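K.L.:
following is a predicted model, sequence given first.
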Amino acid sequence: MSSPIQDLQQEAYNPSVSVLDLLRKALIVATKLNITELQEWIELELKGYQDQPIPDYRKVAGTIRGWNQYHGWQPIVGHDEYTLALYTTACSPSIRQSISELVALIDSGENGLHLQLSPELESVLIATVDAPIKISISSASIKRIVESVRDVILRWSVKLEKDGIIGEGINFTQQEKQIAGKHDYSSFIQINVGQSQMQNSSSESQSNSDTFNNDLRGSNIGNFANQVKDNARQVSSDFSQNIGQNSDEIIKIITSLREMAQEFPEEKREEIMVHLEDLEEDITKPEKLKPQRIKARIMSLLTISGMLFNVVAGAADFSNNVLDLSEKLGVPIERTLFN
């Protein structure tokens, strides 16, 4: 009898075999071996992702395009730090469609995928160029996602054989099931990359400050306020003095934003935490205390919440708090864009 693992390897290596068929066969193997992490991953690839964390290979770089009445849809770029940060956030989406939808898109011959933006986010982006805009994902990026799924199955099946799991027909011995239970195959899915990146960013931020811990969730709120006021004295400008005078309220709003972000999907929550940590560092270091840098952080937070207006009930309140923060920081954002 043939080995289901070796068959899976051969089919994963064969580009003529449908990725959908490959996933279904892999689901049988994962289920029979009781490899939960692979079962869940395959189900998500088949059904599509909702609020679940997204594997790293599903994070793509899009292109923001503006409508030019003479030349049609043209790529646009940010010419300053704030617009560049805004565009980068908007153009870094996670593709949540099921693998069957992505395969159908490739087979249709379409040039790529056009993202449906929330009205709130769209209004912010339109305001920067005064023209209709869209975010497009290239067909090559979509194909890369599909081929990454094939690669995951290939590498996983090779590792199963290396661990001594071969199978016969469509069955596995009790010993093979026990071997599978002793191994962790989640690394093939690449689903924890975002979390590790956030932790690395946080570690770097803390290691760069020898005398001050900027974690507002602990007992250092008073220290944080003093640090902000000290920096305001060091940097003599209306902008920095304004931040120093509003330090207590700034602390309260940032703390509130952290708490509100707990209701957001994990991936977006992690992005928010990184932006808040970066913002804290900026306002506690004189060399980084610049209006355009602070405004870029604010716009990134607004962009994320704008993406979630129709997904998370508290997204509107989060945006309002960010707008309050922008006023206290001395970089007010026009509220009509979000109302």
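P.N.:
Perfect, I can see it now.

K.L.:
where do the strands of this structure begin and end?
P.N.:
63-68, 72-75, 112-114, 133-138 (DSSP state E).

K.L.:
export these as TSV, with columns for mean pLDDT.
P.N.:
Formatted as TSV, the strands of the chain follow (pLDDT from 0 to 100):
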stretch	mean pLDDT
strand 63-68	83
strand 72-75	82
strand 112-114	80
strand 133-138	86
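
K.L.:
looking at those strands, which is buried most?
P.N.:
Ranked by mean neighbour count, the strands of the chain are led by strand 133-138 with a mean of 19 (mean count of other Cβ atoms under 10 Å). C-beta: built from backbone N, CA, C; applies to glycine.

K.L.:
which strands or helices does that one pack on?
P.N.:
With contacts defined as 3 or more Cβ pairs under 8 Å, 6 or more residues apart in numbering; DSSP states H and E, strand 133-138 has these neighbours: strand 63-68, strand 112-114, helix 119-129.

K.L.:
between those, which gets nearest to S139?
P.N.:
strand 112-114 (4.7 Å; Cβ to Cβ).

K.L.:
chain center to the closest one, what's the gap?
P.N.:
18 Å (Cα atoms, centre = their mean, to the nearest Å).

K.L.:
neighbouring contacts of that strand?
P.N.:
By Cβ atoms under 8 Å, 6 or more residues apart in numbering, the residues outside strand 112-114 that reach it are I95, L105, K134, I135, S136, I137, S138, S139, S141, I142.

K.L.:
surely the third one touches G72?
P.N.:
No: the pair K134 and G72 fails to qualify as a contact (Cβ atoms under 8 Å) at a distance of 11.4 Å.

K.L.:
would you mind giving the helices and strands packed on strand 133-138 as TSV with distance to I250 added?
P.N.:
Listed next are those as TSV, based on distance: least, Cβ to Cβ, whole Å:
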stretch	distance to I250
strand 63-68	31
strand 112-114	38
helix 119-129	22
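
K.L.:
closest to Y49 out of those?
P.N.:
strand 112-114 (14.7 Å).

K.L.:
now do the end-to-end distance for stretch 44-60.
P.N.:
18 Å (Cα to Cα, to the nearest Å).

K.L.:
so which bits of it are buried?
P.N.:
L44, E45, G48, Y49, P53, I54, P55, D56, Y57, R58, K59, V60 (16 or more other Cβ atoms under 10 Å).

K.L.:
now the fifth one. Nearest residue, chain neighbours left out?
P.N.:
It stands for P53. Leaving out its chain neighbours, the residue that sits closest to P53 by Cβ to Cβ, 6 or more residues apart in numbering is E266, at 5.1 Å.

K.L.:
same deal with the second one?
P.N.:
Take E45 and drop its neighbours on the chain: the residue closest to it by Cβ to Cβ, 6+ apart is I99, 4.8 Å away.

K.L.:
cool, thanks, signing off.
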